[in-house]
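# A structural model of the following input is requested.
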Amino acid sequence: MEKRLVLRGVLAGAIGGLLAFVFARIFAEPQINRAISYESGRDAAQSALDKAAGLPVSPDGPDLFSRTVQADVGMGVGLVLFGAAMGALFAVVYTVCLGRVGGVRPRTLALLVAGGGFLGFYLVPFVKYPANPPAIGHEDTIKARTGLYLVMVVCSITLLALAVWLGRRLQGRFGTWNATLLAGAAFVAAICVVIGLLPALGHLAANREQYGDHATETPQPLTDPAGRIVYPGFPADVLFRFRLYSVAAQLLLWSAIALVFGPLSERVLSASPTGRAARAPRVGPVEA
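Down below sits the predicted model:
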């Protein structure tokens, strides 16, 4: 049964990834193109300043893949594979939770697990380290940014799992509603501590040394030696829309996983004696 559930999770994740790609291709891709245009214009302005100052100007290297290939094949394949991987992980967590959370229907459990996946894997890390389009982020900080984001994801997932465990422990004493509120408050408090301890990307050593003390890596206005602005900072509306569409694409991915996997899991569980036993509510001993 477990293998069949995992395969259905992979299928649901691949469908979710495909839907997320279609959404991102329509809404997020124009913002990416605007970010790339900004980056090209800023690089040209920087080259002009360097040339005027007598500094060497390095030519731009050729693109390995065209924008069409990146936007269609690259993003499409990447999101489908990512969705399939998240679907497999989702199915594993779903199988572990099955029969251990009371008499919850398979579709309801699918929604709960997918909601936890969206919250832990994406939304909470996004609060600290939101998604950025091209032109934001410096080459010297790629490893540091990747490491910090992974730390944030691990902390988010771990604290979310601990919050679920805490809620189960408090349920008998405070009731389901109050236990949920207490566990949620503990999770928020703990994750706020993690967010406060992890450094902002703009405060990384390489960024402070080259670009000054800023909270983020968002490009600031480019100025000449006299302090005059020769190129504006990164457009705030492009950054906002890209991040909004990034969240929406992930929400679509996890929603599709839950909605596709739920009916498929019900069929598997209804045909399996083990699944029917896992779905059955646990009844305590009856006192005389």
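# what's the closest non-adjacent residue to the residue sitting nearest the centre point of the chain?
Closest residue to the average C-alpha location of the chain: Tyr122 at 2.7 Å, with Cα atoms, centre = their mean. Closest residue in space to Tyr122, ignoring its immediate chain neighbours: Gln250 at 4.7 Å, by Cβ to Cβ, 6 or more residues apart in numbering. (C-beta placed from N, C-alpha, C; glycine too.)
# now swap in Leu123 and tell me
What sits nearest to Leu123 in space, not counting adjacent residues and going by Cβ to Cβ, 6+ apart, is Val247, at 7.2 Å.
# which residues touch the one you found?
Taking Cβ atoms under 8 Å, 6 or more residues apart in numbering as the contact definition, Val247 lies against 122-123, 126.
# which of these fall in helices?
Helix and strand membership here follows DSSP state H; of these, those in helices are Phe126.
# need the contacts of Val247 in JSON lines (columns: pLDDT).
As requested, those are exported to JSON lines (pLDDT from 0 to 100):
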{"residue": "Tyr122", "pLDDT": "96"}
{"residue": "Leu123", "pLDDT": "97"}
{"residue": "Phe126", "pLDDT": "97"}
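# returning to what we had before: just give me the neighbour total for the residue nearest to Tyr122.
Per other Cβ atoms under 10 Å, the neighbour tally for Gln250 reads 23.
# any figure for the gap between it and Val260?
Distance check for Gln250 against Val260: by Cβ to Cβ, to the nearest Å, it reads 16 Å.
# just Asp72 next, same as before
Taking Cβ to Cβ, one finds Asp72 at 24 Å from Val260.
# show me which of those two is the more surrounded one.
Remark: of Asp72 and Val260, Val260 carries more neighbours, 21 against 14, as counted by other Cβ under 10 Å.
# please name the nearest non-neighbouring residue to that one.
On the basis of Cβ to Cβ, 6+ apart, the spatially nearest residue to Val260 that is not a chain neighbour turns out to be Ala12, at 3.9 Å.
# host element of the one you found?
Using DSSP states H and E, the secondary-structure element containing Ala12 is helix 2-23.
# and the next helix or strand after that helix, how far out from the chain's middle?
Proceeding N to C from helix 2-23, the next assigned helix or strand is helix 29-52, under DSSP H and E. In this view, helix 29-52 has its centroid 27 Å away from the chain centroid, taken as Cα atoms, centre = their mean, to the nearest Å.
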